[in-house]
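In: quick one, what's the 3D model for this:
(one chain, ligands or ions: 2)
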Amino acid sequence: MSVQAGRPVRVAVLGCGSVGSQVVRLLRDQADDLAARVGAPVELVGVAVRRLDAPREVEVPAGLLTTDAESLVTREDVDVVVEVIGGIEPARSLILAALEGGASVVSANKALLAEDGPTLYEAAAKAGRDLHYEAAVAGAIPILRPLRESLAGDNVTRVLGIVNGTTNFILDKMDSSGAGFTEALEEAQELGYAEADPTADVEGFDAASKAAILASLAFHTRVTAADVHREGISEVSAADVASARDMGAVVKLLAICELIDTPDGQAVAARVHPAMIPRSHPLASVREAYNAVFTESEAAGQLMFYGPGAGGAPTASAVLGDLVTVARNRLAGIRGAGESAYADREVLPMGQTRTRYHVAIDVEDRAGVLASVALAFAEHDVSIQTVRQEGRGDEAQLVVVSHRASDAQLSATVEHLRGMDIVRDVTSVMRVEGEPE
Ligand SMILES: NC(=O)C1=CN([C@@H]2O[C@H](COP(=O)(O)OP(=O)(O)OC[C@H]3O[C@@H](n4cnc5c(N)ncnc54)[C@H](OP(=O)(O)O)[C@@H]3O)[C@@H](O)[C@H]2O)C=CC1
Ligand SMILES: N[C@@H](CC=O)C(=O)O
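Out: Ligands and ions are numbered 1, 2, ... in the order given. All right, here's what the predicted structure looks like:
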C-alpha cells in the first residue's frame with residue numbers, strides 16, 4: 001500500500017485549464033519544498049487535456065500532455081490523480097478508475113461530489129485510498145478539513161456562508177453603484193469572474209453544490225445538490241438592493257445549512273437564496289468576489305473562514321494542500337480520515353424551514369389598509385417585527401419585516417397579499433437573515 005522507499009510520489013493531473021495550469025506550475029515552482037514536506041519528491045508524470053494544441057497558461061514539460069486520460073489514470077506507477085476537469089462525465093469514470101487502479105484522488109469538482117459523492121466515497125473506502133476535495137468549496141479557504149477533522153469532536157449545528165464569488169461580486173456592485181443585475185453581470189463577465197454562460201453561478205447551482213458538500217460533512221449525513229433548496233440572484237432588482245439599504249441591510253446570496261430538532265430527532269435543512277443581512281453582520285463586509293463561511297458548533301461557538309473563493313492560483317493552493325496530505329499518507333502506507341456519514345438524517349423541505357421575510361407592498365392609500373395587511377399576516381400565524389409606511393399620492397408602500405415562521409406560512413402570506421383588493425403589487429419579497437428570532 002505504501003510508496004516504495006526512495007521512489008518519488010507520482011502524480012497525474014487531469015485538466016490543464018484555470019486550476020490545472022496553476023497546479024502544474026506549483027508542482028514545478030515548489031518542487032523542493034513539496035519534497036521536503038511530503039518526505040519524497042513529487043513527480044508529475046502526465047497531464048490529460050481535451051486539446052493538445054490549445055494555448056496553456058503554463059509550459060507543460062515535453063511528452064507529458066495527453067488526450068488519453070483513461071490510460072493515464074490506470075497507469076500502475078501513478079500514486080495520486082488530481083482531477084480538475086470538472087463536470088460529471090468523464091470525471092466520475094476517471095476518478096472511479098483511478099481509485100480502483102490503486103491511486104489516491106484529489107478533486108476540485110463540486111458538481112460531481114454534490115451529485116454523486118457517495119459513489120466516490122464508497123469506491124475510495126473500498127480501495128483503501130484517499131479522496132480529498134478541499135478546493136471544491138470556497139476555493140483557497142480551508143473549510144472542509146476543519147469540518148472533517150478539526151471540528152470532528154464537536155457538534156456543528158449551522159453553516160452559513162457566501163460560497164460563490166461571481167454572485168457576491170454582482171450583488172456588491174449593485175449595492176455600491178446602484179447598478180441593475182444585467183449591468184453588474186456584464187462587468188463580472190468583463191473582469192473574468194463570470195463565465196460566458198453564467199447560469200451555474202447566477203441561478204445558484206454552484207452554491208447549491210457547495211451547500212450539499214458542507215451539509216454532508218458538517219452533519220455527518222448525505223446531502224446531494226438535489227436536496228438543497230435553490231434560488232439564484234437573477235430576479236434581484238436594483239429596487240430590492242435599495243430597499244435593503246434603506247433598512248440598513250445588504251443583499252447576499254447565502255448558503256445556509258442547519259441541524260434542526262424535530263419530534264423524531266434531528267433533521268437537516270440546506271438552502272441557497274438571496275437574503276438581506278444587516279450591515280453590521282460580518283458577512284455584510286465580504287466584498288467583491290470573496291467568500292466567507294461561518295460555522296456554529298456546540299463547544300467552539302462561532303468560527304469564521306474568509307478568503308478568495310475562486311481563481312486558478314487560490315484554488316490550486318487548496319489542491320496542493322490535499323496533494324501533500326494524500327502523498328504523505330501514501331508514503332506512510334495509510335488512508336486518512338474519510339467521510340463519516342453515519343447519521344442518516346432526513347432533509348427537510350423548504351416549506352418546513354423557519355425563515356423571515358421582508359415584503360414591500362404597494363397598496364391603495366386609504367384608511368384601514370395597514371390593519372388589513374396585518375390581518376393577512378395574522379391569518380397565517382406570521383407575526384410582524386417592523387412595518388414602515390410611505391405615502392405616494394393615492395398609493396402607499398408598506399414595508400413589512402416578519403418574525404420567523406415556516407417558509408410555507410410566509411409564502412402563503414405573500415400569495416394572500418397578492419390576492420387582496422387593496423394591494424396593487426407586491427414589489428419585493430426577500431428573506432432576512434442574521435437578526436434575532
Ligand atoms: N476556476 C475556479 O475558480 C474554480 C474551479 N473549481 C473547479 O475546478 C475544476 C476545474 O475548473 P477550471 O480549471 O476552471 O476549468 P477549465 O474549463 O478552465 O479547465 C478544464 C480542463 O479540463 C480539460 N478537459 C475537459 N474535458 C476533458 C476530457 N474529457 N479529458 C481530459 N481533459 C479534459 C480541458 O482541456 P483543454 O484545455 O484541452 O480544453 C481543460 O484543460 C472544476 O471542477 C471547477 O468546478 C473549483 C473552485 C474554483
Ligand atoms: N464560479 C465559482 C468558482 C469557484 O467555485 C465562483 O464564482 O465562486
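In: those residues of the stretch 151-300 of the chain touching ligand 2, which are they?
Out: Asn164, Gly165, Thr166, Asp201, Asp206 (Cβ under 6 Å from any ligand atom). Backbone N, C-alpha and C define where each C-beta goes, glycine included.
In: and the nearest residue to the first one once chain neighbours are set aside, how far is that from Ile213?
Out: In space, not counting the residues next to it along the chain, Asn164 is nearest to Ala207; the distance is 4.4 Å by Cβ to Cβ, 6 or more residues apart in numbering. Separation of Ala207 from Ile213 (Cβ to Cβ, to the nearest Å) stands at 11 Å.
In: give me the more crowded residue out of these two.
Out: Neighbour count, other Cβ atoms under 10 Å: between Ala207 and Ile213, Ala207 has more, with 33 against 27.
In: out of the residues of the stretch 151-300 of the chain next to ligand 2, who's the most crowded?
Out: Asn164 (32 neighbours).
In: so what's it up against?
Out: Asn164 makes contact with Asp201, Gly204, Asp206, Ala207, Lys210, Leu253, Asn291, Gly309 under the criterion Cβ atoms under 8 Å, 6 or more residues apart in numbering.
In: show only the entries of these found in helices.
Out: Using DSSP state H, the subset of the contacts of Asn164 located in helices is Asp201, Asp206, Ala207, Lys210.
In: the stretch 201-350 of the chain: strands as residue ranges?
Out: Along the stretch 201-350 of the chain, counting by DSSP state E, counting those that start in this stretch, strands occupy 229-230, 249-262, 265-278, 290-297, 301-308.
In: would you turn the ones you listed into CSV with distance to Asp154 and mean neighbour count?
Out: Shown next, in CSV, are the strands of the stretch 201-350 of the chain (distance: least, Cβ to Cβ, whole Å; neighbours: other Cβ atoms under 10 Å):
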stretch, distance to Asp154, mean neighbour count
strand 229-230, 26, 20
strand 249-262, 12, 23
strand 265-278, 15, 22
strand 290-297, 4, 22
strand 301-308, 10, 15
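In: mind putting the ones you listed in CSV, distance to ligand 1 and mean pLDDT included?
Out: Formatted as CSV, the strands of the stretch 201-350 of the chain follow (distance: least, Cβ to the nearest ligand atom, whole Å; pLDDT from 0 to 100):
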stretch, distance to ligand 1, mean pLDDT
strand 229-230, 17, 98
strand 249-262, 14, 97
strand 265-278, 16, 97
strand 290-297, 10, 97
strand 301-308, 9, 97
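In: which of the three states applies to Ala408?
Out: helix (DSSP: H, G, I helix; E, B strand; the rest coil).
In: max-length helix in the protein?
Out: Longest helix in the chain, counting residues (DSSP H): helix 312-332.
In: mean confidence for the following helix or strand past it?
Out: Later in the chain than helix 312-332, the nearest helix or strand by DSSP states H and E is strand 354-364. Mean pLDDT, strand 354-364: 95.
In: quick check, pLDDT for whichever residue of the stretch 251-400 of the chain sits closest to ligand 1.
Out: Per Cβ to the nearest ligand atom, Ala310 is where the stretch 251-400 of the chain lies closest to ligand 1, at 3.5 Å. Turning to Ala310, the model gives it a pLDDT of 90.
In: direction included, what does the helix or strand of the chain with the lowest mean pLDDT pair against?
Out: Every helix and strand in the chain was compared by mean pLDDT, DSSP states H and E; the lowest is strand 384-392, with a mean of 87. Strand 384-392 has its sheet partners listed here by DSSP bridges as strand 395-402 (antiparallel).
In: export the strand it pairs with as PDB, just CAs?
Out: Provided in PDB are the C-alpha atoms of strand 395-402 (Å, rounded to 0.1, in the frame of the first residue of the first chain):
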ATOM      1  CA  GLU A 395     -50.900  55.000  -3.300                       C
ATOM      2  CA  ALA A 396     -48.700  54.000  -0.300                       C
ATOM      3  CA  GLN A 397     -46.000  51.500   0.200                       C
ATOM      4  CA  LEU A 398     -45.800  49.200   3.200                       C
ATOM      5  CA  VAL A 399     -42.500  47.500   4.000                       C
ATOM      6  CA  VAL A 400     -43.100  44.700   6.400                       C
ATOM      7  CA  VAL A 401     -40.400  42.600   8.100                       C
ATOM      8  CA  SER A 402     -41.800  39.400   9.700                       C
END
